[in-house]
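In: with the sequence up front, the predicted model follows.
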Amino acid sequence: MATVYLEPATPFNPNDFPRTLKMTGLKGNYIRVDPERPVDAYMSKSVKQWELEAVIPTREQAQELANQHMRVKVKADGTYSMNLHRKTLTGKGTPSAHVKVVDCGDKANNIAPQPFKDVNSIGNGSTLNINVYQFHYDMEGVKEGISAMLSAIQVTDLILYSGSGSSGFDIEDGFTQSEQSSTSTSKSSNELEVPF
């Protein structure tokens, strides 16, 4: 099945770009923005990037972002999302600045948003404000459009990343691996000892 994207209400005007677009209240999934651990770009092992999936909570917000010339995907389950990324190298081959990630700061004490201490702790479903840099591109005779580059993330509601090691089971009374390592190991009668 072909991927379906929301269409903007009006065509883009190249004179409106470049610009920064701030998007609020999105849910983040597959957040890979560690400056030291970029991932392979889609279908390319030689290009590295930082990336995330931004899930848009409502149809209205999804259409508004499409009207701002963001590439909004309609998923099979009827939800809306955008795949956002920033390559580690610019088009000229120089290093890109990494994606900035900050907290909300502290309004009561007039403290500005601070750099996020552990970006790897940001789990799926965390609520984010996201800035992208949008620019017009024209590949003469081939394609023209608007591209968006992930610039910054503000975490407004953190869901801690729990790792992929969850088995789905609760803790139970019974065998634990620590019991096995603390007891002496004995060979069963059907194990063959081979001298070396």
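Out: Perfect, thanks for sending it. Remember, it's a predicted structure, so these values are computed and weren't measured experimentally. Numbering: from 1, shown residues only.

In: what's the distance between the most centrally placed residue in the chain and Leu26?
Out: What sits nearest the mean C-alpha location of the chain, by C-alpha atoms, centre = their mean, is Leu52, with 1.8 Å. Distance from Leu52 to Leu26, counting by C-beta to C-beta, to the nearest Å: 9 Å. Glycine gets a C-beta too; all of them are placed from N, C-alpha and C.

In: just the element for the residue nearest to the centre of the chain, please.
Out: strand 44-56 (DSSP states H and E).

In: that strand - what's its average pLDDT?
Out: Throughout strand 44-56, pLDDT has a mean value of 94.

In: residues contacting it, please?
Out: 23, 26-35, 38-41, 62, 65, 72, 79-89, 98-99, 128, 130, 150, 153 (C-beta atoms under 8 Å, 6 or more residues apart in numbering).

In: could you export it as PDB, CA atoms only?
Out: Output of strand 44-56 as PDB, limited to C-alpha atoms (Å, rounded to 0.1, in the frame of the first residue of the first chain):
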ATOM      1  CA  SER A  44      22.200   4.500   3.300                       C
ATOM      2  CA  LYS A  45      24.900   3.100   5.500                       C
ATOM      3  CA  SER A  46      27.300   5.900   4.500                       C
ATOM      4  CA  VAL A  47      25.100   8.800   5.600                       C
ATOM      5  CA  LYS A  48      24.600   9.400   9.300                       C
ATOM      6  CA  GLN A  49      21.800  11.400  10.900                       C
ATOM      7  CA  TRP A  50      19.900  12.200  14.100                       C
ATOM      8  CA  GLU A  51      16.200  11.400  13.900                       C
ATOM      9  CA  LEU A  52      12.800  10.900  15.500                       C
ATOM     10  CA  GLU A  53       9.200  10.200  14.600                       C
ATOM     11  CA  ALA A  54       6.800  13.000  15.700                       C
ATOM     12  CA  VAL A  55       3.200  11.900  16.200                       C
ATOM     13  CA  ILE A  56       0.600  14.600  15.800                       C
END
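
In: appreciated, that's everything.
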